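# dropping a prediction and its sequence here:
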Amino acid sequence: MKKKWFIAILILAVIAVVLAIVFINLFREKDTKQLAQDVHQSVEKGYLSKDSDEFTVIDSYLKDISSKLTTEAEKSEVRNYLDGYSAYVVVGEFFDRQIVFTQFTEVYKNNRKKVADNLSHAQDKADALKDYINANKDLTHGSDYWQANTWANCKQDMKDLMNYTIQAFNLLGDIYQASVPSKLMNNGLTDVIFDEIERNSKQILENASESDLYGSKLFSFVNIYLTKSGEQVILNYQYSTVAKSKVEDIKKNGTESSYYSDLLTGRIAG
């Protein structure tokens, strides 16, 4: 009889421990530190740092190869990737500064790992490109012809790097819009800014060989709004009836809005 009571008490104790663990996991305060760490790792020490070996090597290679390719389509691709990559460094720095202010939401929970995975895949592509470029630097013996031919082996990795980065930032934009509580930094203007970045990014991926303007257009745009000084435009939005009126029209009419060019050129409050 004593043995049966002992087993029963033991079972109850185990159940109590399990319930306690479940209770703690259900009701403990959620935080967003992991996402901030993932983004910071890519921006501070990874491929989205202007000082990283990956960025330095790839950026230098794209600048060099752009003058040695023979077809206009390939030149456009390289130019778009060159300017686009620099643009995403700016975007990454913005998210690195601001994503720490996110709150835990369903959108955050459902997308944090996807962001981390995309940034990790992009890092892998950047590492592969850096290694290939360094390994073949001396093998081409300074020949423009042979250097130009290395692009055939780099093109897909570069496109993949851009694709993974774009996916990460599109998801970060969704998280930002759903999870940053401050209307000073998360408002109608940031909505249309993220929409424009996504629109330009799609053009870079799908039409890079048709025109070399998509990357430079994106680079100019993010430097208007997402730099440290550019953030002031976002902060001032809540106090500008002109900006709010223009943004409302842009949200309604998209690129057909008469104020769309004001968004692109930074005259949204003027």
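Great, that's in hand. The structure displayed is predicted, hence computed values, not measured ones.
# residues in contact with the residue nearest the centre of the chain?
Here the mean C-alpha position of the chain is nearest to the C-alpha of Phe169 (Cα atoms, centre = their mean), at a distance of 2.8 Å. Contacts were defined as Cβ atoms under 8 Å, 6 or more residues apart in numbering; by that measure Phe169 touches 88, 91-92, 95, 197, 201. Yep, even glycine has a C-beta here, placed from its N, CA and C like the rest.
# again, 7 Å this time
Listed by Cβ atoms under 7 Å, 6 or more residues apart in numbering, the contact partners of Phe169 are 88, 91, 197.
# how about the secondary structure of it?
In terms of secondary structure, Phe169 is helix; the call rests on DSSP: H, G, I helix; E, B strand; the rest coil.
# and it, how close does it get to Val43?
Taking Cβ to Cβ, to the nearest Å as the measure, Phe169 falls 12 Å from Val43.
# please apply the same query to Asn136.
The separation that Asn136 has from Val43, given Cβ to Cβ, amounts to 28 Å.
# cool, Val180 as well?
17 Å.
# likewise for Arg97?
Counting by Cβ to Cβ, the gap between Arg97 and Val43 amounts to 9 Å.
# ok, these two, which is more surrounded?
Using other Cβ atoms under 10 Å as the criterion, Arg97 and Val43 rank with Val43 on top: 22 against 16.
# quick one: that one and Gly92 touch, right?
Yes - taking contact to mean Cβ atoms under 7 Å, the distance of 4.5 Å between Val43 and Gly92 places them in contact.
# tell me which of the contacts of Phe169 is nearest to Lys228?
Within the set of these, Val91 lies nearest Lys228; the separation is 13.3 Å, counting by Cβ to Cβ.
# quick check: which element contains the closest one?
Counting by DSSP states H and E, the element that carries Val91 is helix 72-98.
# now for the protein, the helix or strand with the poorest mean pLDDT.
The helix or strand with the lowest mean pLDDT-type score in the chain, counting by mean pLDDT, DSSP states H and E, is helix 2-27 (a mean of 50).
# what's the first helix or strand after that helix?
The helix or strand immediately downstream of helix 2-27 is helix 33-40, counting by DSSP H and E.
# which helix in the protein has the most residues?
When the chain is scanned for its longest helix (criterion: DSSP state H), the result is helix 106-136.
# in it, what's buried?
By 16 or more other Cβ atoms under 10 Å, the buried positions in helix 106-136 come out as 107-108, 111-112, 114-116, 118-119, 121-123, 125-130, 132-133, 136.
# what about the stretch 101-250 of the chain, any weak spots by pLDDT?
Applying pLDDT under 70 to the stretch 101-250 of the chain flags the ranges 139-142.
# 80 instead?
Low-confidence segments of the stretch 101-250 of the chain, defined by pLDDT under 80, span residues 138-146.
# all helices of it, in order?
Assigned by DSSP state H, counting those that start in this stretch, the helices in the stretch 101-250 of the chain fall at 106-136, 144-149, 151-179, 188-207, 213-225, 231-236, 241-253.
# next, format those helices as TSV and append distance to Glu74.
Written out in TSV, the entries for the helices of the stretch 101-250 of the chain read as follows (distance: least, Cβ to Cβ, whole Å):
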stretch	distance to Glu74
helix 106-136	16
helix 144-149	8
helix 151-179	6
helix 188-207	14
helix 213-225	14
helix 231-236	36
helix 241-253	35
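# nearest to Leu264, of those?
The closest of the helices of the stretch 101-250 of the chain to Leu264 is helix 213-225. By Cβ to Cβ, the value is 6.3 Å.
# so how far is the closest one from its chain's centroid?
14 Å (Cα atoms, centre = their mean, to the nearest Å).
# which strands and helices sit next to that helix?
Contacting helix 213-225 under the criterion 3 or more Cβ pairs under 7 Å, 6 or more residues apart in numbering; DSSP states H and E are the following elements: helix 72-98, helix 188-207.
# compare those helices and give me the one nearest Ala148.
Shortest distance between Ala148 and the helices and strands packed on helix 213-225, using Cβ to Cβ, is found for helix 72-98: 8.3 Å.
# what's the angle from that closest one to helix 213-225?
For the pair helix 72-98 and helix 213-225, the angle between their directions (axes from the mean of the first three to the mean of the last three Cα atoms, to 10 degrees) equals 20 degrees.
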